[in-house]
Each structure stands twice: as C-alpha cells, then as structure tokens.
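1. no letters, just coordinates:
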C-alpha cells in the first residue's frame, strides 16, 4: 500500500508521516518512508520549484512508488502534491493507494513557517511558493481529510485518526 500524505508546507506531513512509518514498520518490516524534500536532494539535479520542476518531481515520486509497490513494499510518502492528475495516476497504477490530506488553514501555516518561505514570498524575496503565488488545488478524492481543529491536534492524535481510517495492510 502507498499512503500518500498531502498538504502545504508546514502542514505536518513529515512529522505525521514519520510517526505513521514508525508505527507501521513495527508490524510490517517491508515499510518505507519517502519525503518529497529529501527526494529532491536524492535526485541531486536541483529541480526548481516552478510548476515544471514540481511536475518532474511528481512524476519521479509516483513512479518510484510504483516500482517499490510492485516489489511488495508499503510506502508512506509525504509530498506537497499539487497535481490532481498524479493523484489520479497513483490510484490507477498502484496496487493499493490511500490518500490523506492535511488541510491546515493558511494563517496557521504562515504562523508556523519553519522554513521562512511564506514570509519570504510575501516580501517578494521568493517565488514559486505553493499557496502564495502557485495555486494549491484541493485534492479532489482524498480518502481522509483532516481539517479544521482536527488538523492542528497533537501529532499522536492525528496519527490515531489515520490508523483508524486505513484499510488493513497485507502482511510481510
């Protein structure tokens, strides 16, 4: 199964994804963690954050998930995921796909702003920031949407919400 965690920068994708990975890995040794930011470093070719760079990154991550899925791996993938067509591709091409959308209010994201990207974008110092100058299309078919007060709960509470919604994973 590929569990695809979507959300804007600072929505908590990586934090929640790592907790989910650690929980699943205890029972399923064939579980991997993938993070969009880390994979950008792995590719090593300095993809831009414009739509073209983001599209290439989406292509790479989805196809990597397909290869790993084909080898019986469970994947927790944390990605910004601005392309509904790639979310559809995942549904059509992966053996089992579960999409979680962390829908955190922009005001909260801007308050968190751990990387300083929202502030830099608003000051005109940075471009190609999703949610500021690149639109973020809401994922149309998420299996689980965590929004409002639920999206700003403690990470372990969000983890429980996801675990309670996941279909059973196949054993190792």
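-> Cool, got the structure. All figures in this text were calculated on a predicted structure; none of them were measured in a lab.

2. worst-scoring helix or strand of the chain, pLDDT-wise?
-> helix 36-43 (a mean of 85; mean pLDDT, DSSP states H and E).

3. sort out which residues of that one are buried, please.
-> Going by neighbour count (16 or more other C-beta atoms under 10 Å), the buried part of helix 36-43 is 36, 39, 40. From N, CA and C alone the C-beta is placed, and that goes for glycine too.

4. so the second one makes contact with residue 56?
-> To tie it back to what came earlier, the one meant is residue 39. No: if you go by C-beta atoms under 8 Å, residue 39 and residue 56 don't touch, sitting 11.3 Å apart.

5. tell me where this structure has helices.
-> Ranges of helices in the chain, per DSSP state H, are 13-27, 36-43, 51-70, 84-93, 106-112, 117-122, 155-165.

6. hey, least reliable of these by pLDDT?
-> Among the helices of the chain, helix 36-43 carries the lowest mean pLDDT, a mean of 85.

7. show me what it is packed against.
-> helix 51-70, strand 74-79 (3 or more C-beta pairs under 8 Å, 6 or more residues apart in numbering; DSSP states H and E).

8. that one to helix 51-70, inter-axis angle?
-> In terms of direction (axes from the mean of the first three to the mean of the last three C-alpha atoms, to 10 degrees), helix 36-43 departs from helix 51-70 by 90 degrees.

9. residues contacting helix 36-43, please?
-> With contacts defined as C-beta atoms under 8 Å, 6 or more residues apart in numbering, helix 36-43 is touched by 14, 47, 57, 60, 61, 64, 77, 78, 79, 80, 81.

10. no further queries at this time; thank you.
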